[in-house]
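Enquirer: Mind folding the following:
(2 chains)
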Amino acid sequence: MFDVLTENFDAFASGLWVTTRLVFASFVVALVLGTVVAALRVAPVRAMQAAGAVYVEIFRNTPLLVLLFISFAGLRRAEVDISAWTAGIASLGVYTSAYVAEALRSGVAAVSRGQIEAGLSLGFSYAAVLRRIVLPQAFRTVIAPLASVTIAMVKNSAIVGASLLALPDLLKEARIVNSNTFQTTEAFFWAAVGYLLLTATATVVFRALESRYAIHR
Amino acid sequence: MGYLFDPENWEWLGTDNNLRFLLEAFLVNLEIAVIAMVLALAIGLGLALLSIAGNAFVRRGAKVWVDVFRNLPLIFLILYLALTIPESVRDFWADNAPGFLPDALRSRLVLAGIGGLVLYNSAVLAEIMRAGILSLDRGQREAAAALGMSYRQQMRFVVLPQGLRRMVPATVSQLITLNKDTTLVSIIAIQEVVRSGRILSQTAGNPFAGGGDVEAPILQVMIFIGLLFVLVNFGLSRLSRLLEVREGRRTAAPAASVAGVEETVAVAEAR
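Expert: You can find the predicted model right below:
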């Protein structure tokens, strides 16, 4: 059991590191895009709301695997020079951003209407009200849903690795170890430990954030 | 943009049997989703009941099982099963699968695909059901006990009908996720829609591979497949919202939510 880990430690460690970087980079993309889309969805302009809604419905309802094929094989076929990393981070980030936007929107809805009106009547622009008054509170109410989204993203990162050959993530390293050693259960067991380690870390970090910043309503 | 909307790159959709080829493959995805959902619901209910059982040992075991399998990547489970399900079991399935199933569902690896989907989703659904049951006021069960009902009767007539009703929106949301996840079985070479799309993009326009003379670029093929999923899943999410509203009118219960699934859906909508 342990010899599979010790003899292939470098492979597992580098796989874990690739998965971690993939998740981190995609999380940043998802957070930025998700915030923009959530802002669109609560904007006072009808067209902006509709654009935000269409974005969410498209990316939430399309399989990640299909997004990966579009962004890598599809774009390359269209002679766009995109790397596996860019395609992987963009796909996972855009896919997750739809869920982030939905979570944030519910957080925005939890901020009382009176605060927005008060801000506007003090002469803040709508963007300033969102940025200085509404979003800071919205983020603090949706820490728990964001934790779920992040854990789902750790799991979904394995789809990115399974579909893009040039991205040697934890699952792919486990498959390589398996084909070298023929010890399938051991190889997958240690990869599972790696994934549970990542999801457990995310849980602990978000729980800490929650106990420090969360507003319960 | 010119490339994307160039009518020449969409011509494949109307030629030969391409459209029919993709739609038939998409049907396989929907069938896999339905089969996996039915099995996952049944097993998930069992796991949920175990995770609220009176025996602490059983409860602990069920919780660990659920937490492990809902926190592992689904594709991880599918690939593991594809590598470890014994040859004899696969052969048995390939030889004895009921004839009314489409070819893709009688292939030897389909057990790994559906097995992975069921393993993962039964754990997720068990957690949703557990939250639904636990969101129910304690007094309900105590009242049932006071009326002289046995544990089994309390569950069957009082707790489950109310608890399970509360998890309908979360379950539909998970069904949408499951529907998207059926594409993952393409990675173990089961011919569903994504795999068919790849085959189409490689063979159409290639006379040596038996295709016609109109090429099917993978970008356009995959966008079309994506739209199929958006269509079906959007319909499902509308249905879920409809159910939510109806439930909300009937019962005004406190909300409870389940973590770890992609979307945190309140198990019981308070509105």
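Enquirer: So in chain A, where's the weakest helix or strand by average pLDDT?
Expert: Least confident element among the helices and strands of chain A, by mean pLDDT, DSSP states H and E: helix A:2-7 (a mean of 86).
Enquirer: and it, is it in reach of chain B?
Expert: No - Helix A:2-7 does not reach chain B (C-beta under 8 Å from any C-beta of the partner chain); its nearest approach is 14.5 Å. No exception for glycine: its C-beta is placed from N, CA and C like everyone else's.
Enquirer: Need the residues that contact that helix.
Expert: Outside helix A:2-7, the residues that touch it by C-beta atoms under 8 Å, 6 or more residues apart in numbering or on different chains are A:12, A:177, A:181, A:183, A:186-187, A:190.
Enquirer: any idea of the mean pLDDT for the helix or strand harbouring A:L146?
Expert: Using DSSP states H and E, the secondary-structure element containing A:L146 is helix A:143-163. The average of the pLDDT scores along helix A:143-163 is 93.
Enquirer: Please see if that helix touches chain B.
Expert: Yes - using C-beta under 8 Å from any C-beta as the criterion, contacts between helix A:143-163 and chain B involve A:144-145, A:147-149, A:151-152, A:154-159, A:162-163.
Enquirer: tilt between the helix or strand B:V118 falls within and helix A:143-163?
Expert: Assigned by DSSP H and E, B:V118 falls within helix B:110-134. Direction vectors for helix B:110-134 and helix A:143-163, defined by axes from the mean of the first three to the mean of the last three C-alpha atoms, to 10 degrees, enclose an angle of 180 degrees.
Enquirer: so where does the residue of the stretch 101-250 of chain B found nearest chain A fall, helix or strand?
Expert: Nearest residue of the stretch 101-250 of chain B to chain A, counting by C-beta to the nearest C-beta: B:L219, 3.2 Å away. Applying DSSP H and E as the criterion places B:L219 in helix B:218-250.
Enquirer: Mind giving me the packing neighbours of that helix?
Expert: Counting contacts by 3 or more C-beta pairs under 8 Å, 6 or more residues apart in numbering or on different chains; DSSP states H and E, helix B:218-250 packs against helix A:46-61, helix A:64-69, helix A:75-77, helix B:2-5, helix B:18-51, helix B:168-181, helix B:193-203.
Enquirer: hmm, 6 Å instead?
Expert: Helices and strands touching helix B:218-250, as assessed by 3 or more C-beta pairs under 6 Å, 6 or more residues apart in numbering or on different chains; DSSP states H and E, comprise helix A:46-61, helix A:64-69, helix B:168-181, helix B:193-203.
Enquirer: Including distance to A:T96 and mean pLDDT, could these go into a markdown table?
Expert: Formatted as a markdown table, those follow (distance: least, C-beta to C-beta, whole Å; pLDDT from 0 to 100):
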| stretch | distance to A:T96 | mean pLDDT |
| --- | --- | --- |
| helix A:46-61 | 9 | 95 |
| helix A:64-69 | 9 | 96 |
| helix B:168-181 | 13 | 89 |
| helix B:193-203 | 20 | 92 |
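Enquirer: and of those, who's closest to B:L231?
Expert: For those, proximity to B:L231 was assessed by C-beta to C-beta; helix A:46-61 is nearest, at 8.3 Å.
Enquirer: ok and the closest one relative to helix B:168-181, angle-wise?
Expert: Computed by the same axes, to 10 degrees, the angle between helix A:46-61 and helix B:168-181 is 70 degrees.
Enquirer: near chain A, which residues of the stretch 51-200 of chain B?
Expert: B:71-73, B:75-76, B:80, B:83-84, B:180, B:183, B:187, B:194 (C-beta under 6 Å from any C-beta of the partner chain).
Enquirer: 10 Å - rerun?
Expert: Taking C-beta under 10 Å from any C-beta of the partner chain as the test, the list of the stretch 51-200 of chain B residues beside chain A reads B:67-81, B:83-84, B:120, B:173, B:176-177, B:179-184, B:186-188, B:193-194, B:197-198.
Enquirer: Any chance of a PyMOL selection covering the buried ones in these?
Expert: With 16 or more other C-beta atoms under 10 Å in any protein chain shown as the criterion, this PyMOL line picks the buried residues out of these:
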select buried, chain B and resi 67+69+70+71+72+73+74+75+76+77+78+79+80+81+83+120+173+176+177+179+180+181+182+183+184+186+187+188+193+194+197+198
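Enquirer: tell me what the helix or strand where A:S211 lies is packed against?
Expert: Using DSSP H and E, A:S211 sits within helix A:184-213. For helix A:184-213, the elements it packs on are helix A:2-7, helix A:9-41, helix A:135-141, helix A:143-163, helix A:170-181, helix B:56-70, helix B:74-84, judged by 3 or more C-beta pairs under 10 Å, 6 or more residues apart in numbering or on different chains; DSSP states H and E.
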